[in-house]
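Asker: Just need the structure, nothing else, for what follows:
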Amino acid sequence: MPALVLAEVDYFLRDERAAMRELIAEIFDPATRYEYELPLPSDLVRALELDARFHNLNLGLVDGTVAALAERREIYRVLTTDRRDFGALRVGPRFSRALELLP
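Answerer: Numbers count the residues shown, from 1 in each chain. Coordinates of the predicted model:
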């Protein structure tokens with residue numbers, strides 16, 4: 001779970017505080033498979049590179065960071081509802097690796 005995503009999710013759940021508290025509890029529950037990940041400075045730089053490379057997608061910093069973290073950690077499965085942008089995005093040294101989108 002990229003840290004920047006939490007801010008975006010919190011915004012969307014601003015009228016559903018109980019759901020946000022439940023999500024946070026689940027993310028930080030040791031029994032779940034979530035890993036909370038702070039972006040490195042290099043991830044932020046890469047996110048902006050991806051945003052520039054795929055400028056027609058208007059990725060922005062949050063989505064770019066999701067892709068950059070996936071790329072750095074070599075975990076290419078991404079949980080997202082944004083199938084249009086993440087489906088068109090490619091990562092890796094030659095921008096040839098597609099992301100596997102879940103659900």
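
Asker: mean confidence for the helix or strand harbouring A70?
Answerer: A70 is located in helix 60-73, with elements delineated by DSSP states H and E. Helix 60-73 shows a mean pLDDT of 96.

Asker: Over to stretch 83-97?
Answerer: 95.

Asker: For that stretch, which residues meet the burial criterion?
Answerer: Neighbour counts over stretch 83-97 (16 or more other Cβ atoms under 10 Å) mark 85-86, 89, 91 as buried. All C-beta spots, glycine's among them, are computed from the backbone N, C-alpha and C.

Asker: Could you identify the most distant pair in these?
Answerer: D85 and V91 (12.7 Å; Cβ to Cβ).

Asker: picking that back up, okay, the buried residues of stretch 83-97 in CSV with secondary structure and distance to E8 next?
Answerer: Below are the buried residues of stretch 83-97 laid out as CSV (DSSP: H, G, I helix; E, B strand; the rest coil; distance: Cβ to Cβ, whole Å):
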residue, secondary structure, distance to E8
D85, helix, 13
F86, helix, 14
L89, coil, 17
V91, strand, 20
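
Asker: can you list the residues you listed in a markdown table and add distance to L6?
Answerer: As requested, those are exported to a markdown table (distance: Cβ to Cβ, whole Å):
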| residue | distance to L6 |
| --- | --- |
| D85 | 19 |
| F86 | 18 |
| L89 | 21 |
| V91 | 22 |
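
Asker: quick one: which of those residues is nearest to A52?
Answerer: Lowest distance from A52 to the buried residues of stretch 83-97 (Cβ to Cβ) belongs to L89, with 12.6 Å.

Asker: now the end-to-end length of stretch 83-95.
Answerer: 18 Å (Cα to Cα, to the nearest Å).

Asker: for the chain, what spans make up the helices?
Answerer: Along the chain, the segments classed as helices by DSSP state H run 3-12, 17-27, 41-53, 60-73, 83-88.

Asker: just those: most buried one?
Answerer: Ranked by mean neighbour count under mean count of other Cβ atoms under 10 Å, the helices of the chain are led by helix 60-73, which reaches a mean of 21.

Asker: Just the CA coordinates for that one, please, in PDB.
Answerer: Taking Å, rounded to 0.1, in the frame of the first residue of the first chain, the C-alpha atoms of helix 60-73 are listed here in PDB:
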ATOM      1  CA  GLY A  60      -0.200  12.600 -11.500                       C
ATOM      2  CA  LEU A  61       2.000  11.900  -8.500                       C
ATOM      3  CA  VAL A  62      -0.100   9.300  -6.700                       C
ATOM      4  CA  ASP A  63      -0.700   7.000  -9.700                       C
ATOM      5  CA  GLY A  64       2.900   7.600 -10.800                       C
ATOM      6  CA  THR A  65       4.100   6.600  -7.400                       C
ATOM      7  CA  VAL A  66       2.000   3.400  -7.500                       C
ATOM      8  CA  ALA A  67       3.700   2.500 -10.800                       C
ATOM      9  CA  ALA A  68       7.200   3.500  -9.600                       C
ATOM     10  CA  LEU A  69       6.900   1.400  -6.400                       C
ATOM     11  CA  ALA A  70       5.600  -1.600  -8.400                       C
ATOM     12  CA  GLU A  71       8.500  -1.200 -10.800                       C
ATOM     13  CA  ARG A  72      11.100  -0.900  -8.000                       C
ATOM     14  CA  ARG A  73       9.800  -3.800  -6.000                       C
END
